[in-house]
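Trainee: Give me the fold of what follows.
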Amino acid sequence: MAGVNRAVEDSNRRMLRARDAMDRAYAQPLDVPALARIAHVSEAHFTRTFRATFGETPHRYLQRRRVERAMFLLRDTDRPVTDICFEVGFNSLGTFSRTFREIVGRSPREYRRTAVWAGVPTCFTMAWTRPSQGPPEGPPDGAREPGD
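Mentor: Numbers count the residues shown, from 1 in each chain. Here you go, the predicted structure:
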């Protein structure tokens, strides 16, 4: 049994190494072959294991990480949306806008217009505004919908 736990631990460590690389170099062109090399596994194994470990594909994780950074820049700077798009690693304004809307639910311009600086530590702001991995699935177990 210890061998299985050690294998899982080793696999998790490899996936964390690749995820940390994405966090550090999110604006750089990163692809699955490069990330798989960082994790020291094959491309197919990397994609499969990353998704099983973190609940989303490496591509989606990287997109979400880039959008998180763009949210900060949109909220805290007056830089043009196009500049922010390229700074966070997108190669196309159209792809950036579509991906931003899918993840955040608003266009970058709408987000900038409605984002409010709360005057709280950045770590709290990041946690509160972190884009979710998908739409909410309804109320938690035992909770009631409004009006019930």
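
Trainee: center of this protein, which residue is that?
Mentor: Nearest residue to the geometric centre of the chain (Cα atoms, centre = their mean): residue 64, 2.6 Å.

Trainee: if I look at that one, how far off is residue 99?
Mentor: 9 Å (Cβ to Cβ, to the nearest Å). Where C-beta positions appear, they are placed from N, C-alpha and C, glycine not excepted.

Trainee: about what we covered before: how close does the residue nearest to the centre of the chain sit to residue 11?
Mentor: For residue 64, the distance to residue 11 (Cβ to Cβ) stands at 22 Å.

Trainee: Kindly report the same for residue 28.
Mentor: For residue 28, the distance to residue 11 - Cβ to Cβ - is 25 Å.

Trainee: Please identify which of the two sits among more neighbours.
Mentor: residue 11 (16 against 11; other Cβ atoms under 10 Å).

Trainee: Tell me the pLDDT of the closest residue to the more buried one other than its chain neighbours.
Mentor: Distances taken as Cβ to Cβ, 6 or more residues apart in numbering place residue 49 nearest to residue 11, at 6.0 Å, with adjacent residues excluded. If you check residue 49, the pLDDT there is 95.
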